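Chemist: give me coordinates for this.
(one chain, ligands or ions: 1)
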Amino acid sequence: MTEAPWSKAEFEARLRAKGDRYHIHHPFNIKMRTGQLSKTQLQGWVANRFYYQIMIPQKDAAIMANCNDRETRRRWVQRILDHDGFGDNQGGIEAWSRLGEAVGIERDTLWNLSKVLPPVKFAVDAYVNFARRAPWQEAVCSSLTEMFAPEIHKERLSNWPTDYPWVGAEGLGYFRSRISLAERDVEHGLELTLSYFQTRQQQERALEILQFKLDVLWAMSDAIAAAYPDEN
Ligand SMILES: O=C(O)c1cc(C(=O)O)c2c(n1)C(=O)C(=O)c1cc(C(=O)O)[nH]c1-2
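Modeler: Okay, here's the model as predicted:
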């Protein structure tokens, strides 16, 4: 027997409930939030997350390439501009690069990706490849971990100045800028997801897709934690 679809409100609530598997709960992030990371650990995280940052626009371009709906493309293209920048706007990748400088990573070291761990590369590439190969609506759904991102950005803005006072304040601009952008992205991503995944089977598939993306982020944290263990 096929089960009745969840209402949009119920479906959205089930997607949001996935937040309990977000990397905000990863032991490495808990250490970050409670001021327990060493400089080497924080630098390792920033250098590795840079690979995620630079691949996001390629992921969004893959979604655009597969998307046959002009209205969606007109809105989605903004994400590429947010990260790559345009005109005088330097964009999110450059903002992350300022974070790299603020934690003491040489610009060349950040940009040549020499600190990127193989499992981090593997996890991020899995996300980009999913966006290349899946129906574009499924790739949109996979971006919905951003529902949970504003909270993690706010956490860093509130605790870094006291817990990691050696990090230059100009480095935190990325986190500040992402709060409103993530909220806007989520509004669009949710709108598309709630209307595309209609049957109960499709809705369950959406939850699996979101779990895949949660796993990408979790795997990145696992890899970083393993490569940069506690020093004491
Ligand atoms: O710092 C974080 O924990 C975090 C998480 C995520 C996320 O949940 O995927 C994103 C971001 N940051 C972020 O800054 C960002 O631009 C972003 C884009 C996307 C996406 O999947 O399209 N996720 C995220």
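Chemist: roughly how far apart are H23 and V216?
Modeler: Between H23 and V216 the computed distance is 9 Å (C-beta to C-beta, to the nearest Å). To be clear about C-beta, it is placed using only N, CA and C from the backbone, and glycine gets the same treatment.
Chemist: and for K31?
Modeler: 20 Å.
Chemist: same question for A126.
Modeler: 6 Å.
Chemist: give the residues shared as contacts by these two.
Modeler: Taking C-beta atoms under 8 Å, 6 or more residues apart in numbering as the contact rule, A126 and V216 have no neighbour in common.
Chemist: more neighbours: these two, which one.
Modeler: V216 (22 against 14; other C-beta atoms under 10 Å).
Chemist: could you tell me how many residues sit around the closest residue to the ligand within the chain?
Modeler: Ranked by C-beta to the nearest ligand atom, the top residue of the chain for proximity to the ligand is T145, at 3.3 Å. Using other C-beta under 10 Å, T145 is surrounded by 22 other residues.
Chemist: so it sits right up against L210, yeah?
Modeler: Yes. Judged on C-beta atoms under 8 Å, T145 makes contact with L210 at a distance of 7.0 Å.
Chemist: just to revisit the earlier point, host element of the closest residue to the residue of the chain closest to the ligand other than its chain neighbours?
Modeler: Leaving aside its sequence neighbours, T145 sits nearest to K213 (C-beta to C-beta, 6 or more residues apart in numbering; 5.0 Å). Using DSSP states H and E, K213 sits within helix 200-227.
Chemist: how far does that helix sit from the chain's center?
Modeler: 11 Å (C-alpha atoms, centre = their mean, to the nearest Å).
Chemist: check contacts around the residue sitting nearest the centre point of the chain.
Modeler: For the chain, the residue nearest the mean C-alpha position is E146 (6.2 Å; C-alpha atoms, centre = their mean). Residues counted as contacts of E146 (C-beta under 8 Å, 6+ apart) are 182, 185-186, 189.
Chemist: against L210, how distant is it?
Modeler: From E146 to L210 the distance is 11 Å (C-beta to C-beta).
Chemist: got it, and Y164?
Modeler: If you go by C-beta to C-beta, the gap between Y164 and L210 works out to 31 Å.
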